[in-house]
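Q: I'd like to go over a predicted model; first the sequence, then the structure.
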Amino acid sequence: MPTPLTPDEAARFHVTMSEWLAKELAEKGSVRLSAVDSPDLQRHFQEVAHRASEMLQRPVISLASSRGITISLNDEELPGEERSAISS
């Protein structure tokens with residue numbers, strides 16, 4: 001089991017990954033991360049998705065499962081999947 005992030009590490013993670021995710025979403029429209037399989041890490045990426053949504057000023061969809069997480073801009077379709085919008 002991975003060691004939980006300290007509050008300082010979590011804050012740095014959210015800032016750095018939000019910037020990366022916003023760039024990736026702007027370029028590709030969606031991102032699939034397969035190593036995001038723990039509830040704690042999924043919560044961190046939910047926060048990152050929310051921050052990226054605010055940065056892009058566009059709704060972002062996040063779909064988490066035991067196999068990972070898919071984050072995409074709201075206007076992209078995720079075939080056969082139920083989705084919930086994260087908006088700023």
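A: Nice, I can see it.

Q: so what's the residue count around S30?
A: 16 (other CB atoms under 10 Å). From N, CA and C alone the C-beta is placed, and that goes for glycine too.

Q: dump the residue contacts of the closest residue to it other than its chain neighbours.
A: The shortest distance from S30 to any non-neighbouring residue, by CB to CB, 6 or more residues apart in numbering, is to S72 (3.4 Å). Residues near S72 by CB atoms under 8 Å, 6 or more residues apart in numbering: 25, 29-31, 60-61, 78.

Q: so S72 bridges to which residues?
A: Beta bridges link S72 to S30, I61 when assigned by DSSP bridges.

Q: hmm, V31 is touching T70, no?
A: Yes. Counting by CB atoms under 8 Å, T70 is a contact partner of V31 at 7.2 Å.

Q: stretch 68-82 - what's its average pLDDT?
A: Stretch 68-82 carries an average pLDDT of 71.

Q: with stretch 40-47 instead?
A: For stretch 40-47, mean pLDDT rounds to 91.

Q: just give me the residue right at the centre of this structure.
A: The residue lying closest to the centre of the chain (CA atoms, centre = their mean) is A49, at 3.6 Å.

Q: was I right about that residue contacting W20?
A: No. Using CB under 8 Å, A49 makes no contact with W20, being 11.8 Å away.

Q: residues contacting the lengthiest helix in the chain, please?
A: Among the segments of the chain that qualify as a helix by DSSP state H, the longest is helix 7-28. Applying CB under 8 Å, 6+ apart, the external contacts of helix 7-28 come out as 5, 31, 44-45, 47-49, 51-52, 55-56, 60, 71-73.

Q: thinking again about what came up before, which of the contacts of S72 has the largest number of neighbours?
A: When neighbours are counted by other CB under 10 Å, V60 leads these with 27 neighbours.
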